[in-house]
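any chance you can model this:
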Amino acid sequence: MKARLLFRDEDFDFSAGLPPHAGDLTSDLELVTLLRAMAAGDKFIYGVCENVLLAGLTDPAAIGYRQRILADCMAEPDLVRELYDIAIGALADRRGVWGFFSSQNPSSILYSAVGQLEALVPRLRQLRRFADEHAGKFASDGFAAFFDTVRQELDDDYFATLSGHLKQLKFGGGKLMSAGLASDNSGVGYVLRSGQARRGWRERIGMEPRSVYSFTIPPRDDAGAQALEEMTSRAINHVADAAAQSADHVTSYFAALRSELGFYVGCLNLNGELAARNQAVSFPQPTPPEGSDLSCAELRDACLALHIDYVVGNDADADGKPLVIITGANSGGKSTFLRSVGLAHLMMQAGLFVTAAAYRASTSHQIFTHFIREEDPNMVSGRLDEELGRMSAIADQIGPRSLMLFNESFAATNEREGSEIGRQVVTALLEADIRVLFVTHHFDLADSFHLQDDYPVLFLRASRQPDGGRDFKLTPAPPLPTSFGADIYHRIGGWLGEHDKHDHDDPTREGPS
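Predicted structure coming up:
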């Protein structure tokens with residue numbers, strides 16, 4: 001019996017671990033903020049959501065499968081949490097049983113297995129009642145298959161048979177075994193038999209013919225008792241293994257159910273946090289990775305939306321354009337937009353909703369980030385060496401139909417050198433069929449792609465208002481060759497005369513982000 005709430009026909013491998021670049025991805029996109037909102041203080045849910053979020057799907061059908069299940073969860077949040085509590089309760093009940101198969105003795109293993117199955121049976125019955133009462137409230141194909149499996153596998157015959165086996169495995173009438181003798185009169189072929197091991201009262205008082213011949217081991221015959229225990233262990237060994245496997249199977253089912261539902265509970269927690277801040281969400285539209293789709297309406301940074309009540313959304317249409325270059329004023333929303341695309345892509349490929357009015361994109365086999373880093377006092381080499389080292393590590397891992405996000409990369413050197421490095425890196429990525437989004441203040445880098453005809457490019461620019469304010473809106477516009485000198489001057493504490501201010505407040509001038 002399988003839960004199959006994350007995949008239609010396979011289990012999610014929570015033991016696979018995180019991808020090698022997970023640390024940079026988590027840091028650059030501020031995933032900790034998102035994961036904490038999903039976990040709501042639960043470390044287990046945090047780990048589950050982290051695994052699912054960083055193991056993205058590329059098949060739009062598989063993503064749609066999760067989206068429909070999540071839509072059910074959002075429609076019936078209390079029932080989903082109740083179902084999650086059943087799984088948690090089952091595992092807690094199992095932990096309360098003595099043994100855990102710690103002993104290698106077959107009798108101890110059998111005793112523990114029977115105890116655990118007896119503890120889990122009430123939870124199985126609870127799961128069956130839940131399916132009978134609430135299955136009709138869920139519309140997704142994933143939940144329909146889940147409840148159908150529960151009702152088919154956990155029918156009345158199953159519980160009757162299971163109860164009968166558990167009662168028999170307690171051996172209230174003793175253990176009945178058979179064995180043969182080897183040539184040296186040692187016992188061989190021990191087999192546990194069904195039926196009563198004790199003589200009935202009619203036989204004991206002589207009213208019926210004797211069916212067995214027996215003897216009693218004296219209470220102080222330790223060697224005899226040990227020999228009898230060894231014979232019993234050999235006879236029940238296969239039964240103990242079968243019972244232990246059955247207990248493990250039921251336990252594994254509840255563990256998988258807890259993990260898979262844990263992801264959806266995390267989604268509900270995140271939806272609640274966003275709703276409390278009046279942040280609207282929608283289900284994105286994934287397309288196959290072979291395409292080059294990327295468009296959005298009112299896309300917002302999900303992590304920023306968890307910190308402040310009002311976040312400006314941005315629109316973009318990069319369909320058919322494998323390269324997006326973002327330039328413009330400092331603090332104009334360029335990095336925020338870049339993070340919003342990375343987060344939306346991760347959330348989409350996990351089956352989540354996104355913080356946008358609409359989001360449509362081709363899925364990516366991998367998502368990488370290369371963001372500018374603060375100066376590290378312990379750095380054994382310069383910032384440019386560090387940037388190139390990270391880029392080299394990415395080059396060893398990245399493959400076709402991936403998504404690469406650059407934020408002020410190669411800015412640790414002069415514009416001419418940084419632009420040349422960036423140009424060569426971006427060109428190599430585009431030739432390898434990798435989509436690139438690049439935030440930069442290097443005009444030479446941006447303009448070189450503006451002048452070429454090899455690759456379609458979308459240029460977005462963060463604007464600066466005449467009074468120096470920001471509306472955090474990105475608009476399609478080519479890069480500009482000048483800088484907002486006044487912004488930088490004021491930021492470092494300078495002052496300007498009236499005749500200087502007129503020159504420097506030109507709203508068409510851009511600068512480093």
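
okay, now L274: neighbour count?
Residues lying near L274 (other CB atoms under 10 Å) number 19. Heads up, the C-betas are built off the backbone N, CA and C, glycines and all.

need the contact list for it.
Neighbouring residues of L274 by CB atoms under 8 Å, 6 or more residues apart in numbering: V281, A302, A305, L306, T355.

the last one is in contact with V341, isn't it?
No: judged on CB atoms under 8 Å, T355 makes no contact with V341 at a distance of 11.5 Å.

for the contacts of L274, which one is nearest F44?
Relative to F44, the closest of those is L306; by CB to CB it sits at 20.6 Å.

how about V426: what's its closest non-neighbour residue?
Using CB to CB, 6 or more residues apart in numbering and skipping the chain neighbours, the partner closest in space to V426 is V436 (5.5 Å).

and the strands in this structure, which stretches?
Assigned by DSSP state E, the strands in the chain fall at 176-181, 187-193, 285-287, 294-299, 314-317, 323-328, 358-362, 367-371, 403-407, 435-439, 457-462, 474-476.

in CSV: these, plus distance to R129 and mean pLDDT.
Below are the strands of the chain laid out as CSV (distance: least, CB to CB, whole Å; pLDDT from 0 to 100):
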stretch, distance to R129, mean pLDDT
strand 176-181, 37, 71
strand 187-193, 34, 67
strand 285-287, 36, 97
strand 294-299, 43, 96
strand 314-317, 48, 95
strand 323-328, 53, 93
strand 358-362, 39, 97
strand 367-371, 42, 95
strand 403-407, 45, 96
strand 435-439, 49, 96
strand 457-462, 55, 93
strand 474-476, 53, 92
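
quick one: low-confidence residue ranges for the stretch 301-450 of the chain.
375-381 (pLDDT under 70).

tell me which stretches of it form helices.
Secondary structure of the stretch 301-450 of the chain by DSSP state H, counting those that start in this stretch: the helices cover 302-305, 334-350, 383-397, 415-431, 443-451.

so which of the strands of the chain gets nearest A145?
Across the strands of the chain, A145 has its closest neighbour in strand 285-287 (21.4 Å, CB to CB).

can you give the strand pairings for the closest one, parallel or anti for each?
In the sheet, strand 285-287 lines up against strand 358-362 (parallel) (DSSP bridges).

alpha carbons of the strand it pairs with, in PDB - could you do that?
This file holds the C-alpha atoms of strand 358-362, laid out as PDB (Å, rounded to 0.1, in the frame of the first residue of the first chain):
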ATOM      1  CA  ALA A 358       0.200  34.700 -13.500                       C
ATOM      2  CA  TYR A 359       3.400  32.800 -14.100                       C
ATOM      3  CA  ARG A 360       4.200  30.700 -17.100                       C
ATOM      4  CA  ALA A 361       7.600  29.100 -17.800                       C
ATOM      5  CA  SER A 362       9.400  26.200 -19.300                       C
END
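
run the chain-centre distance for that strand.
Its chain's C-alpha centre and that of strand 358-362 lie 20 Å apart, by CA atoms, centre = their mean, to the nearest Å.

over to stretch 265-285?
Using CA atoms, centre = their mean, the mean C-alpha position of stretch 265-285 is found 17 Å from that of the whole chain.

sorry, back to before: most widely separated two among the contacts of L274?
V281 and L306 (12.2 Å).

coming back round to it: distance to A40 and mean neighbour count added to the helices of the stretch 301-450 of the chain, as a markdown table?
As requested, those are exported to a markdown table (distance: least, CB to CB, whole Å; neighbours: other CB atoms under 10 Å):
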| stretch | distance to A40 | mean neighbour count |
| --- | --- | --- |
| helix 302-305 | 16 | 24 |
| helix 334-350 | 17 | 24 |
| helix 383-397 | 32 | 15 |
| helix 415-431 | 38 | 18 |
| helix 443-451 | 42 | 18 |
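
ok, longest helix in the protein?
For the chain, the helix with the greatest residue count under DSSP state H is helix 222-276.

give the contact list for G422.
Neighbouring residues of G422 by CB under 8 Å, 6+ apart: F406, S409, F410, F438, T440, H442, L445.

and it, how far from P106?
G422 is 67 Å from P106, where distance means CB to CB, to the nearest Å.

please report how far A411 lies from E82.
Distance, A411 to E82, using CB to CB: 52 Å.

which of these two has more residues huddled nearby?
A411 (21 against 13).

overlap in contacts, T355 and V341.
Counting by CB under 8 Å, 6+ apart, the common neighbours of T355 and V341 are L299.

using JSON lines, lay out the helices of the stretch 301-450 of the chain together with distance to V239.
JSON lines is the format used below for the helices of the stretch 301-450 of the chain (distance: least, CB to CB, whole Å):
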{"stretch": "helix 302-305", "distance to V239": "53"}
{"stretch": "helix 334-350", "distance to V239": "43"}
{"stretch": "helix 383-397", "distance to V239": "50"}
{"stretch": "helix 415-431", "distance to V239": "60"}
{"stretch": "helix 443-451", "distance to V239": "71"}
